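Visitor: build me a model:
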Amino acid sequence: MGPLEGIKVIDMTTVLMGPYATQMLGDYGADVIKVESLDGDVTRQIGPTRHPGMGPVFLNTNRSKRSICLDLKKPAGRDAVLRLIKSADVLVYNVRPQAMARLNLGYDVVSQVNPRLIYAGVFGFGQDGPYAAKPAYDDLIQGATALPALMAQTADGVPRYVPNALVDRIVGLTAVGAICASLVDRNRTGRGQRVDIPMFETMAGFVMGDHMGGLTYEPPLDKGGYARHLSPDRRPYKTSDGYICVIVYNDKQWQNFFDATGRDDLRVHPKFATFAGRAANIDTVYAELARILETKTTAEWTAILEKADVPVMPMHDLESLLGDPHIVATKFFPVVKHPTEGRIRNMRPSARFSETPVETKRLAPRLSEHSAEILSEAGFSADEIAGLVRDGVTKAVPNT
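Guide: Numbering: from 1, shown residues only. Next up is the predicted model:
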């Protein structure tokens, strides 16, 4: 029984941002009903698959959900989703609000059907600015919030995107917090509300929280940017046989590092002796750290730094991460048996709850796997469900 047990979520999202958020709600115990088009979420087609429509991106972003297909452009499909909404606690969508309005599923409509509903939208831009109706994708928002410019500044001058759907994940996490906060408020007031979680503004705050710098002040004191993050030597360090991740940050850690390396000359050097001195000369400090770490093997440095209580971690690649001893000990990537896909590697929810523990009860569903079940729960008769299948509003349960 997770902490969101008893909460029903209508998930009208696709791709990554919305599904990541709703998967987390499902992991925490909510009953998440994923409403898909008759073709299904496009991420079903991404990556290597054992069976069509069950690709790894979909499998890893849609566990803890049930799937129903509905053609929302047909009146019967819209009526069906409204019947689902009537008994729901939360609706999450990630198309532009203008598209929801065209489907006649805007907040003004659904709040009349269910005044207690939390109506949460994750989309590109706040609705009170000139970009309100613009489409948005992870890459576009990364660029618009300076991430490629920062990447260029720290490397070879060529702007690049972060090789991860960083925006989708961060905005999805923000949405989970906003939805849970809204549920708390509804428990107090009895009323639902509309919640907008825009990508652009969320990421602008995320990036500038680190890099506002002197732009915090009016007039500005500098052009912004956190020097430590922008140092070209803030990176995994080369050792004599590989790479290692090390951060020597506070005064105690630096004293321990000087002790472990015998570098008493640096202990009294003005650029190294104090936090302020290191901050003002961070490029020099990190460059010297890089030179020191090249002198021994990764295993030797790991042993030395762990003994000295200096923060150190291995630099994994995608495959070696799976075998990390801590990851293995915590069973974070359990191998489980999917009903149709066989043995797959799953991921545990990272949050742990002492009184309401969470566990994965459902793996990612086949397209329309639960349509009849969900419609029956909403009061549809067997004949009505058969009629919706016949009319192309939904699909029958796929063969196993």
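Visitor: so Pro115 makes contact with Gln193?
Guide: No - the pair Pro115 / Gln193 is not scored as a contact, 9.8 Å apart, by Cβ atoms under 8 Å. All C-beta spots, glycine's among them, are computed from the backbone N, C-alpha and C.
Visitor: quick one, which of those two is more surrounded?
Guide: Gln193 (16 against 12; other Cβ atoms under 10 Å).
Visitor: ok, that one - contacts?
Guide: By Cβ atoms under 8 Å, 6 or more residues apart in numbering, Gln193 lies in contact with 118-119, 182, 185-186.
Visitor: mind putting the residues you listed in a markdown table, secondary structure included?
Guide: Converted to a markdown table, those look like this (DSSP: H, G, I helix; E, B strand; the rest coil):
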| residue | secondary structure |
| --- | --- |
| Ile118 | strand |
| Tyr119 | strand |
| Ser182 | helix |
| Asp185 | helix |
| Arg186 | helix |
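Visitor: and those, which are buried?
Guide: 118-119, 182, 186 (16 or more other Cβ atoms under 10 Å).
Visitor: of all the contacts of Gln193, which two lie farthest apart?
Guide: Of all pairs drawn from the contacts of Gln193, the widest gap by Cβ to Cβ lies between Tyr119 and Asp185 and measures 13.2 Å.
Visitor: do a quick rundown of the helices in the stretch 251-400 of the chain.
Guide: Applying DSSP state H, counting those that start in this stretch to the stretch 251-400 of the chain gives helices spanning 251-261, 264-267, 275-280, 282-293, 298-307, 318-322, 325-329, 371-377, 382-390.
Visitor: any idea which of those helices is most buried?
Guide: Burial of the helices of the stretch 251-400 of the chain is given as mean neighbour count (mean count of other Cβ atoms under 10 Å); helix 371-377 ranks first at a mean of 20.
Visitor: point out where the chain drops to low pLDDT.
Guide: 398-400 (pLDDT under 70).
Visitor: domain ranges for it?
Guide: 8-205+332-391, 237-314 (the TED database).
Visitor: and Tyr187, how many neighbours does it have?
Guide: To be clear, residue 187 is Asn; Tyr isn't right here. For Asn187, the count of nearby residues is 8 (other Cβ under 10 Å).
Visitor: so how far is Tyr107 from it?
Guide: According to Cβ to Cβ, to the nearest Å, Asn187 and Tyr107 sit 20 Å apart.
Visitor: likewise Lys223?
Guide: Distance of Lys223 to Tyr107, computed by Cβ to Cβ: 41 Å.
Visitor: between those two, who's got more neighbours?
Guide: Tyr107 (19 against 9).
Visitor: the more buried one reaches Ile118, doesn't it?
Guide: No - Tyr107 lies out of contact with Ile118 (Cβ under 8 Å); the separation is 10.4 Å.
Visitor: now do the contacts for Val207.
Guide: By Cβ under 8 Å, 6+ apart, the residues touching Val207 are 145-147, 150.
Visitor: correction: Met1
Guide: By Cβ under 8 Å, 6+ apart, the contact set of Met1 is 29, 356.
Visitor: and if you look at the one 10 residues further on?
Guide: Each residue near Asp11 by Cβ under 8 Å, 6+ apart is listed here: 18-19, 22, 32-35, 65, 92.
Visitor: phi, psi of it?
Guide: Backbone torsions of Asp11, given as degrees, to the nearest 10, read phi -100, psi 100.
Visitor: tell me how many other residues crowd Arg362.
Guide: Using other Cβ under 10 Å, Arg362 has 18 neighbouring residues.
Visitor: you'd agree it is up against Gln23?
Guide: No - between Arg362 and Gln23 there is no contact under Cβ under 8 Å: 10.3 Å.
Visitor: for the two, list the residues in contact with both.
Guide: Common contacts of Arg362 and Gln23 (Cβ under 8 Å, 6+ apart): 63-65.
Visitor: mind checking which of the contacts of Asp11 are in strands?
Guide: 32-35, 65, 92 (DSSP state E).
Visitor: leaving out chain neighbours, which residue sits closest to the residue positioned nearest the centre of the chain?
Guide: Nearest to the centroid of the C-alpha atoms of the chain, with distances taken as Cα atoms, centre = their mean, sits Arg169, at 2.3 Å. Leaving aside its chain neighbours, Arg169 sits nearest to Tyr20 (5.9 Å; criterion: Cβ to Cβ, 6 or more residues apart in numbering).
Visitor: what's the answer for Ser371, then?
Guide: Ile68 (4.4 Å).
Visitor: next up, phi/psi of the one you found, please.
Guide: Torsion angles at Ile68 (phi, psi; degrees, to the nearest 10) stand at phi -130, psi 140.
Visitor: now do the contacts for it.
Guide: The neighbours of Ile68, taking Cβ under 8 Å, 6+ apart as the test, are 33-36, 84, 368, 370-371, 374-375, 394.
Visitor: and these as CSV, adding distance to Lys8?
Guide: Formatted as CSV, those follow (distance: Cβ to Cβ, whole Å):
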residue, distance to Lys8
Ile33, 7
Lys34, 12
Val35, 12
Glu36, 17
Leu84, 9
Ser368, 19
His370, 13
Ser371, 16
Ile374, 10
Leu375, 14
Thr394, 19
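Visitor: out of the residues you listed, which is most surrounded?
Guide: When neighbours are counted by other Cβ under 10 Å, Lys34 leads these with 30 neighbours.
Visitor: pretty sure that one sits against Arg66.
Guide: Yes - applying Cβ under 8 Å as the test, Lys34 and Arg66 come out as touching, 6.6 Å apart.
Visitor: find residues that contact each of these two.
Guide: Shared contacts of Lys34 and Arg66 (Cβ under 8 Å, 6+ apart): Pro365.
Visitor: many thanks, have a good one.
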